[in-house]
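Student: just coords:
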C-alpha cells in the first residue's frame with residue numbers, strides 16, 4: 001500500500017508540473033489588438049491542395065474569413081486554383097486586405113493560369129488586394145531559374161497597379177540578389193525551427209530580427225517584409241527546437257511585440273492547422289496554425305494562461321488508474337501464487353512500482369501524442385496498436401514479475417509444436433512485446449534512413465520497455481538458444497540508438513529518450529532464449 005501511494009503521489013506531482021500554465025505579457029492572438037497579417041489556406045478535414053479535384057466552397061471560406069477578421073486586418077494566400085480565387089471577393093465583404101499569392105512550380109501551363117487569374121483578381125479588387133506574391137519558395141524547391149522568375153515578375157508588374165514581390169527563405173535572397181531590382185519590396189521567410197542549425201523557441205524572435213536586419217543591410221532602400229514567421233505546436237524536436245503549445249504562443253507573442261517596437265511588417269504563419277500536410281511533412285507540418293484545423297477553435301484565447309497539456313487533470317487521473325491496475329495485477333498474482341523468498345518478493349514489488357509509475361506518468365503523454373501524430377486509418381492503427389501494447393506491458397509484466405515467469409519469446413507465440421505456449425497470459429504478454437518490437441523497429445529504421453519528419457515515440461516505447469527490462473533483469477530467461485528473430489530486432493535497435501543519438505545531437509531530449517528506450521528493448525531481446 002505504501003508503494004502504491006508513493007507511485008500515485010509521483011504521478012500526481014509529475015502531472016501537476018507538466019500542466020503548469022504560462023501567462024505571457026502579450027496574448028499571441030488578441031481581438032482587441034489585431035495582428036497585421038496572417039497566412040490563410042482554407043483546407044479542412046480531408047481537403048488537400050495535392051488533389052486537383054479539391055474545390056473549396058464560398059460558404060467555407062466566408063466562415064473562416066469572418067473569424068479571421070476578428071483577429072487580423074489582412075490575410076496572405078498562396079494560390080488561385082481549387083476555389084481560392086473566391087477569397088478576394090469574400091475578403092472584401094469581411095473587411096480584410098489580401099496579399100495574393102501566385103503558386104509557381106515546374107508546370108508552365110498551370111503557372112500561366114495562376115498568373116492570369118491573379119492579374120484578373122488584382123484588377124477586379126484593387127481596394128482589397130494590396131500586393132501580389134509571384135512564387136513561393138520556388139527557388140528553394142529548385143523548380144524555376146532565377147532569371148526566368150525575374151522576367152515573369154517584371155511582366156506581371158507591367159500589367160497591375162499593386163506592388164509585386166517574391167517570397168522565399170531569407171538566405172535565398174542573398175544567393176539571388178538580382179531579383180531585388182524586379183520587386184517592389186522583399187519578402188523573406190524566417191522559420192527558426194527549420195533553420196539548418198535549429199533555433200530554440202526562446203531565441204526565435206531575436207534570430208528573426210537579426211536576419212531581417214542582415215537582409216536590410218544587403219538591400220538598402222527596399223522594405224523587408226517578413227512574409228512567414230511562426231512556430232509549430234506539435235511534432236518532433238530538431239536539436240534544441242521543441243514544438244509545443246507554449247513555445248508557439250511565446251514565439252508569436254514576442255514576434256508581434258518586436259514588430260510593433262521596431263516598426264516593420266510581419267505576416268504570421270499561419271491561421272489554421274493544415275492536417276493534410278502531415279501526409280508529406282509529418283506531424284510538425286500540420287501544426288503551425290493558431291486555430292485548430294477541424295474545430296476552427298483558437299488555441300490561445302486572450303486572457304487565459306497556456307499549458308502544453310490543457311487536459312492534464314484527465315491525463316493524471318487516467319495514469320493513476322493505470323498504476324492502480326498494475327498494482328492490482330501484481331497483488332492478484334501474489335495472492336494466487338505467493339513467491340518466495342520475501343527478499344525476492346520485495347525487489348519484484350519495487351519493479352512493479354517502477355513500471356506502474358512510469359506508465360502512469362507517460363500514458364497521458366502518449367495518448368495526447370497519439371491524437372496529433374496519427375494521420376489516416378493506417379496511422380491510427382499503427383500508433384493505437386503501440387499504445388495498447390505499451391499499456392498492456394506493465395500489467396502483464398506485473399503478473400510475470402510476481403509469478404517468477406521469464407519474459408516471453410517469439411517462439412512461444414509463433415514457434416513450432418513444443419515451443420508454442422498454451423497460456424493466454426503468456427500469449428498476450430508476448431503479443432505486447434511483438435507489437436512493440438515491430439512498430440519500434442519500423443520507427444528505428446525511419447530514424448536511420450529518412451528521419452526529417454519522423455516523430456519520436458518516446459512515451460509509449462518507454463512504457464513498454466521498462467517492464468520488459470525489469471522482467472529480464474529479475475526473471476532472466478533460462479538456458480537455451482538465442483533466437484534469430486529477437487537478435488535481429490536487438491541489432492536494429494542498438495544501431496538506431498547509436499546513429500540517432502549522434503545524428504540528432506545531445507540537445508534533442510526526445511531523441512535521447514527514444515534512444516534509451518531502444519537500448520532497453522535491445523537488451524531485453526538480446527537476452528531472449530528459446
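Tutor: Noted; the coordinates are in hand. Bear in mind the structure is a predicted one, so any value in this text is a computation, not a measurement.

Student: Enumerate every residue touching the nearest residue to residue 265 once chain neighbours are set aside.
Tutor: In space, and not counting its chain neighbours, residue 265 is closest to residue 225: 4.8 Å by Cβ to Cβ, 6 or more residues apart in numbering. Where you see a C-beta, it was placed from the backbone N, CA and C, and this is true even at glycine. Contacts for residue 225 (Cβ atoms under 8 Å, 6 or more residues apart in numbering) come out as 165, 185-188, 264-267.

Student: just those residues now: which is nearest residue 91?
Tutor: Nearest to residue 91 among those is residue 267, at 14.6 Å by Cβ to Cβ.

Student: Tell me which residues touch the closest one, please.
Tutor: So residue 267 contacts 36-39, 74, 76, 99, 225-229 (Cβ under 8 Å, 6+ apart).

Student: what's it sitting at in phi/psi?
Tutor: Torsion angles at residue 267 (phi, psi; degrees, to the nearest 10) stand at phi -120, psi 120.

Student: So what's the model's average confidence on stretch 264-276?
Tutor: Averaged across stretch 264-276, the pLDDT comes to 95.

Student: ah, wrong one, I meant stretch 191-198
Tutor: 97.

Student: and what of stretch 230-249?
Tutor: On average, stretch 230-249 scores 97.

Student: Any idea how far apart the tips of that stretch sit?
Tutor: 9 Å (Cα to Cα, to the nearest Å).

Student: Can you point out the buried residues in that stretch?
Tutor: 230-249 (16 or more other Cβ atoms under 10 Å).

Student: Which of those fall in helices?
Tutor: 245-249 (DSSP state H).

Student: would you turn those residues into JSON lines with distance to residue 405?
Tutor: Converted to JSON lines, those look like this (distance: Cβ to Cβ, whole Å):
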{"residue": "245", "distance to residue 405": "42"}
{"residue": "246", "distance to residue 405": "44"}
{"residue": "247", "distance to residue 405": "44"}
{"residue": "248", "distance to residue 405": "46"}
{"residue": "249", "distance to residue 405": "48"}
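
Student: Pick the one among the contacts of residue 225 closest to residue 495.
Tutor: residue 188 (40.1 Å).

Student: out of everything not next to it in sequence, what's closest to that closest one?
Tutor: residue 170 (4.2 Å).

Student: does the one you found really touch residue 192, like I thought?
Tutor: No - between residue 170 and residue 192 there is no contact under Cβ atoms under 8 Å: 10.9 Å.

Student: Looking at the two, which one has more neighbours?
Tutor: Legend: neighbour count by other Cβ atoms under 10 Å for residue 170 and residue 192, higher for residue 192 (24 against 21).

Student: Contact partners for the more buried one?
Tutor: So residue 192 contacts 198-201, 203-204, 207-208, 231, 241, 251 (Cβ under 8 Å, 6+ apart).

Student: redo that, cut-off 7 Å
Tutor: 199, 204, 207-208, 241 (Cβ atoms under 7 Å, 6 or more residues apart in numbering).

Student: Quick check: bridge partners of the nearest residue to residue 74 once chain neighbours are set aside?
Tutor: Using Cβ to Cβ, 6+ apart and skipping residues adjacent in sequence, the residue nearest residue 74 is residue 37, 3.7 Å away. Under DSSP bridges, the beta-bridge partners of residue 37 are residue 267.

Student: What pLDDT is listed against residue 37?
Tutor: pLDDT, residue 37: 97.

Student: Please report the distance of the spatially most central residue of the chain from residue 94.
Tutor: Centroid-nearest residue in the chain: residue 235, 1.6 Å away (criterion: Cα atoms, centre = their mean). Distance of residue 235 to residue 94, computed by Cβ to Cβ, to the nearest Å: 31 Å.

Student: what's the following helix or strand after whichever strand or helix holds residue 359?
Tutor: Following DSSP states H and E, one finds residue 359 within helix 342-373. For helix 342-373, the following helix or strand on the C-terminal side (DSSP H and E) is helix 376-403.

Student: quick one: buried residues of that following helix?
Tutor: Result for helix 376-403 [16+ other Cβ under 10 Å]: buried residues 382-383, 385-387, 389-403.

Student: Find the residue closest to residue 472 in space, skipping its chain neighbours.
Tutor: residue 524 (4.8 Å).

Student: Near the one you found, how many other residues are there?
Tutor: When neighbours are counted by other Cβ under 10 Å, residue 524 comes out with 27.

Student: what's the helix or strand for residue 138?
Tutor: Counting by DSSP H and E, residue 138 is part of no helix or strand.

Student: show me the contacts for it.
Tutor: Per Cβ under 7 Å, 6+ apart, neighbours of residue 138: 104-105, 144, 149.

Student: Tell me who's in contact with the residue nearest to residue 24 when sequence neighbours are not counted.
Tutor: Spatial nearest neighbour of residue 24, excluding adjacent residues (Cβ to Cβ, 6+ apart): residue 253 at 4.8 Å. Residue 253 is in contact with 24, 26-28, counting by Cβ under 7 Å, 6+ apart.

Student: which residue sits closest to residue 250, ignoring its sequence neighbours?
Tutor: residue 201 (5.8 Å).
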